[in-house]
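Asker: 3D, please:
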Amino acid sequence: MIIVDDISFVKRNIDEIKKIVAYEGGPVVPLSDPVLLLLRSKGIECMDYHDLESAGMYEDVYATARDWGLRWYKPEGTDLSEFGTYSPGALLEWSMIFFFSHVLKVYLVLSELIKRGDARKIVCIAANDFDLKKCSIKLQNIDAGLLGHIVREVSGEAQQPVEFKLVKLPYPNELEERKFHFVRSAGNYVNLLVSGVCSFFERFFRENRKILFLEGAHHFFEIMKSPSLKKIKKVHFEKNVGLSLFPKMYSNGIRIVTHDNRKPKTPEKGNCFSPDKIDNVLSGFFMYRGKDIFSLVSPRLKFMFEDYFPNVVFSDIIAVEKMLKAESPDLIVTENDTTYFEKMLTVIAKRLSIRTAVVQHGATLCEDACDNKGIMVHDFYPLTADMFFAFGKTTKDWFTKMKVDPGRVIVTGGARFDEYYRDKVLVKDKRNKARKVALILLSDMWLKEGVVTHYAGMTIFHKHIQEFMKLAEKNPDIDFIIRPHDNTHLWSEVFRKELGVLNNITISRESGLKDLFSRVDIVIGYWSTALFEALIYDIPVISLDTGEYYNLLPLWRYELSERVGSFEELESALRKFIHNRVERELFIKETSEKLHLFNYDNDGRAAQRIADGLGEVISKPKPLKRCAL
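Answerer: Purely as a prediction, here's the structure:
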């Protein structure tokens, strides 16, 4: 039996994988939907791991992973990861929740696979061990060594004698990555010189107030250049900077600083817990369905204490604190305060009595989703920062329901929507009177490898795209554009044959949303902030809610979309809004009256309101100093 996982690895090594499959001769079992879909499209016979799943198999996975992710580093109340006054374990909660989700799903699937007794030999094809220390997001993944360890543990638990073989393949684009790192490093060094010169002249300015923005240049730029902040020093903090960002920022008086990636000397292990004692302290903590599965995750946890905390997290804490002390901003602004670097900056700033704010960049949940699922969406909860600038009333209501002080949530509208309101008036309507166009916004996540979250499985989207193909065939007078969530998608490859037959359906991200909205007649979606943008352009929205997944954005409850539960209902709604002008105009009128619930106003001045709010915050006296590292 041949096991493969990690779509980004598989798509780069497909030819080598074909050779190994031919040589070994066993059935191929992909451990994630993207790999399953891609290999099948390449003509490789695959066993669908979903056939191993039983009803309710994963129902407790996310809740368990969330509990572990929030407590594994402090099992008995004492923080084992403590470094000075900081908690590296707390900074990595978001990544570890995803990691434990992934481990539990792989554990359940492999247990069922081996329990059936079909496999006498398991061959695992995986990438050369990636360097977890280079990117915190990779902590979510199961690397090759850990996957092999899990297979051996599960086979031993099932008392099934299974031979295990690990085949490692390199990423073929290592040279390209080295070139990219070289260019990025060059940008950092050039900025060090330019930023240093600008910082020297800043000393002569009368105005000493300063705001530091963390990354998100495309979201923050309109706020940073607002007249309200003209007399306030603005610093844009990037982990790495590209040269293309220089003209835009420096020409508007915005200085760029970069994260110091050089590893400063840290105390010997800091105050970090000794990895030698991990078995005694954590054994018994990872109980799952009556079994202690600590052995499955112990290699990763030992790596965290022995290597990752002292050599990555401690160094990052020291570098970020050094930067904040040197810059001494009055306020820092981020897009979230939950993911690793964003949370670190927020926590350290609060230790140094620097005020903190989050500016919303994507839709939050509404209704009771968090109560039922315990989900973090767009990394907004729990709220660590002092304040949150929200899109609209529904966001504030959601935070209030989650027991966040409503006084910390300020409703301003989304700065990202401002350009849509402006362009709505200026952009020429490109709609073809003869050919109607339907835009389908997928909420697919190709790189969410094997992680049990709120996202719909990729096989569901695969089935839906097949239905969209049938819909296109039945409606030759309508052009269908399927737009995946991001550029990592492989749908065009998976549906290469079908796309070659039909001439009125495409799968593409080539055009920007503004261009698309100027020529589409209807938008079909699942859950996406882009659905708000379609409504801004007075385009009717149809929410496809088939019951196969939890819809995070039930716009129909606010009369902002037409909900359909099947593709038969979708076709009926599609033709109604495209061909019935009265129905279409009535829908547009009603939605325009309700959109303020999700975006404060339609005046295109949200960035200005946010800038005003930030200016008001830093005009107040600074809070008293708190203890710091």
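
Asker: rest of the way, CA atoms for contacts and neighbours
Answerer: Fine.

Asker: Could you point out which residue ranges in the stretch 501-629 of the chain have low pLDDT?
Answerer: Low-confidence segments of the stretch 501-629 of the chain (pLDDT under 70): 621-629.

Asker: hey, where'd the helices end up in it?
Answerer: Along the stretch 501-629 of the chain, the segments classed as helices by DSSP state H, counting those that start in this stretch run 513-517, 530-536, 567-579, 581-594, 606-618.

Asker: and if you look at the stretch 51-200 of the chain?
Answerer: For the stretch 51-200 of the chain, helices defined by DSSP H, counting those that start in this stretch occupy the ranges 61-71, 88-91, 93-115, 144-157, 174-202.

Asker: any idea which of those scores lowest on pLDDT?
Answerer: Lowest mean pLDDT of the helices of the stretch 51-200 of the chain: helix 174-202, a mean of 60.

Asker: and the gap between the residue nearest to residue 577 when sequence neighbours are not counted and residue 521?
Answerer: Computed as Cα to Cα, 6 or more residues apart in numbering, the closest residue to residue 577 that is not its neighbour in sequence is residue 584, at 5.0 Å. Per Cα to Cα, to the nearest Å, residue 584 is found 10 Å from residue 521.

Asker: cool, residue 514 as well?
Answerer: Per Cα to Cα, residue 514 is found 13 Å from residue 521.

Asker: what about these two, which has more around it?
Answerer: Taking neighbours as other Cα atoms under 10 Å, residue 514 and residue 521 compare with residue 521 leading, 26 against 16.

Asker: Who does the residue lying closest to the more buried one once chain neighbours are set aside form a beta bridge with?
Answerer: Leaving out its chain neighbours, the residue that sits closest to residue 521 by Cα to Cα, 6+ apart is residue 437, at 5.4 Å. On the basis of DSSP bridges, residue 437 is bridged to residue 479.

Asker: tally of neighbours for residue 437?
Answerer: Residues near residue 437, counting by other Cα under 10 Å, number 23.

Asker: Please name the residues that touch it.
Answerer: 478, 479, 480, 481, 519, 520, 521, 522 (Cα atoms under 8 Å, 6 or more residues apart in numbering).

Asker: From residue 573, how far off is residue 543?
Answerer: The gap separating residue 543 from residue 573 is 10 Å, by Cα to Cα.

Asker: shared neighbours of the two, anything?
Answerer: Shared contacts of residue 543 and residue 573 (Cα under 8 Å, 6+ apart): 562, 564.

Asker: So these two - more neighbours on which side?
Answerer: When residue 543 is set against residue 573 and neighbours are counted by other Cα under 10 Å, the residue ahead is residue 543, at 23 against 17.

Asker: Confirm for me that that one is in contact with residue 562.
Answerer: Yes. Between residue 543 and residue 562 there is a contact under Cα atoms under 8 Å: 5.9 Å.

Asker: Now do the shared contacts for these two.
Answerer: Taking Cα under 8 Å, 6+ apart as the contact rule, residue 543 and residue 562 both touch residue 556.

Asker: Need the per-residue pLDDT for the residue nearest to residue 521.
Answerer: Confidence score, pLDDT, at residue 437: 89.

Asker: what does residue 256 give?
Answerer: On the pLDDT scale, residue 256 is placed at 82.

Asker: Over to residue 457?
Answerer: We have a pLDDT of 72 for residue 457.

Asker: Once you drop chain neighbours, what's closest to it?
Answerer: Here the residue nearest residue 457, using Cα to Cα, 6+ apart, is residue 33, at 6.9 Å.

Asker: now swap in residue 347 and tell me
Answerer: Distances taken as Cα to Cα, 6+ apart place residue 384 nearest to residue 347, at 7.6 Å, with adjacent residues excluded.

Asker: separation between the one you found and residue 405?
Answerer: 12 Å.

Asker: same check, this time on residue 303
Answerer: Using Cα to Cα, residue 303 is found at 38 Å from residue 405.

Asker: what's the answer for residue 150, then?
Answerer: According to Cα to Cα, residue 150 stands 43 Å off from residue 405.

Asker: and if you look at residue 96?
Answerer: According to Cα to Cα, residue 96 stands 27 Å off from residue 405.

Asker: try residue 592
Answerer: Residue 592 is 29 Å from residue 405, by Cα to Cα.

Asker: Residue 235 looks like it's in a strand, true?
Answerer: Yes. Secondary structure of residue 235 (DSSP: H, G, I helix; E, B strand; the rest coil): part of a strand.

Asker: Please tell me I have it right and it contacts residue 250.
Answerer: No. Using Cα under 8 Å, residue 235 makes no contact with residue 250, being 10.0 Å away.

Asker: more crowded one of the two?
Answerer: Neighbour totals were compared for residue 235 and residue 250, and residue 235 leads with 23 against 14 (other Cα under 10 Å).

Asker: Can you list the buried residues in stretch 322-335?
Answerer: For stretch 322-335, the neighbour count (16 or more other Cα atoms under 10 Å) marks 323, 324, 328, 329, 330, 331, 332, 333, 334, 335 as buried.

Asker: One more: stretch 503-517?
Answerer: 504, 505, 506, 507, 514, 516, 517.

Asker: The closest residue to the first one other than its chain neighbours: neighbouring residues, count only.
Answerer: In this case it means residue 504. Closest residue to residue 504 in three dimensions, ignoring its sequence neighbours and counting by Cα to Cα, 6+ apart: residue 479, at 4.7 Å. By other Cα under 10 Å, 18 other residues sit near residue 479.

Asker: now do residue 253
Answerer: 16.

Asker: And it, its phi and psi?
Answerer: Residue 253 has phi and psi values of phi 70, psi 20 when expressed as degrees, to the nearest 10.

Asker: Please name the bridge partners of the nearest residue to it once chain neighbours are set aside.
Answerer: Closest residue to residue 253 apart from its sequence neighbours, by Cα to Cα, 6+ apart: residue 234 at 7.4 Å. Applying DSSP bridges to residue 234 yields these beta-bridge partners: residue 211, residue 254.
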